[in-house]
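Asker: dropping a prediction and its sequence here:
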Amino acid sequence: MLRVRTLQLGLTQADEARAAARVADEAAMRDRILSLAQAIAPVTTPVASASSLGAAAHYRERLHVSAQLAERRVAQADVGLEQARSATLEARRDQSAVEKLIARADAASALKEMRALENAPPVRKPNRHDPC
C-alpha cells in the first residue's frame with residue numbers, strides 16, 4: 001500500500017510540475033504579446049500613409065485581442081495549478097497516513113515481542129567450572 005501511495009504522490013507531483021510549467025509558458029506568451037502590442041504603436045512619420053497607419057492599428061488591435069485571450073489562458077492555468085497543488089497535498093496526506101500506520105504497527109509488534117520476552121521463563125546458564 002505504501003508503494004501505491006508513493007507512486008500516486010510522484011504522479012501528482014509530476015502533474016503539479018507540468019501545471020506550473022504551463023502557467024509559466026502562458027505568462028511568458030502573454031508578456032510577449034503585450035510587448036509586441038506596445039512596439040506596434042502607430043507612429044506618424046512624413047512618409048507614413050493612411051494604409052500603413054491603418055494596418056499598424058489593425059495589427060495592434062489583433063494583438064490586444066490575443067493578449068486578452070492569453071490572460072484567460074493564464075487564469076485557467078492558475079486554476080489548474082491550484083487543483084494540482086491540492087491533489088499533491090492530498091497525496092502527501094495519504095502517504096503520511098500510511099507511513100504512520102506502518103510505524104504504529106511496527107511499534108505494536110516490538111512491544112508485543114518485548115512482552116513475550118518478559119513473560120518467557122528465565123533461561124539458566126549452565127555453571128562453568130573452570131580448572132583452578
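Answerer: That came through fine.
Asker: all strands of this structure, in order?
Answerer: Taking DSSP state E as the criterion, the chain contains no strands.
Asker: most centrally placed residue in it?
Answerer: residue 16 (2.8 Å; C-alpha atoms, centre = their mean).
Asker: wait, what's in contact with residue 26?
Answerer: Residues in contact with residue 26, defined by C-beta atoms under 8 Å, 6 or more residues apart in numbering, are 70, 73, 74, 77. From N, CA and C alone the C-beta is placed, and that goes for glycine too.
Asker: separation between it and residue 71?
Answerer: 9 Å (C-beta to C-beta, to the nearest Å).
Asker: and if you look at residue 125?
Answerer: 83 Å.
Asker: where does the prediction get shaky in the protein?
Answerer: 41-48, 131-132 (pLDDT under 70).
Asker: ok so, going back, the residue nearest to the centre of the chain reaches residue 86, doesn't it?
Answerer: No - assessed by C-beta atoms under 8 Å, residue 16 is found out of contact with residue 86, at 9.5 Å.
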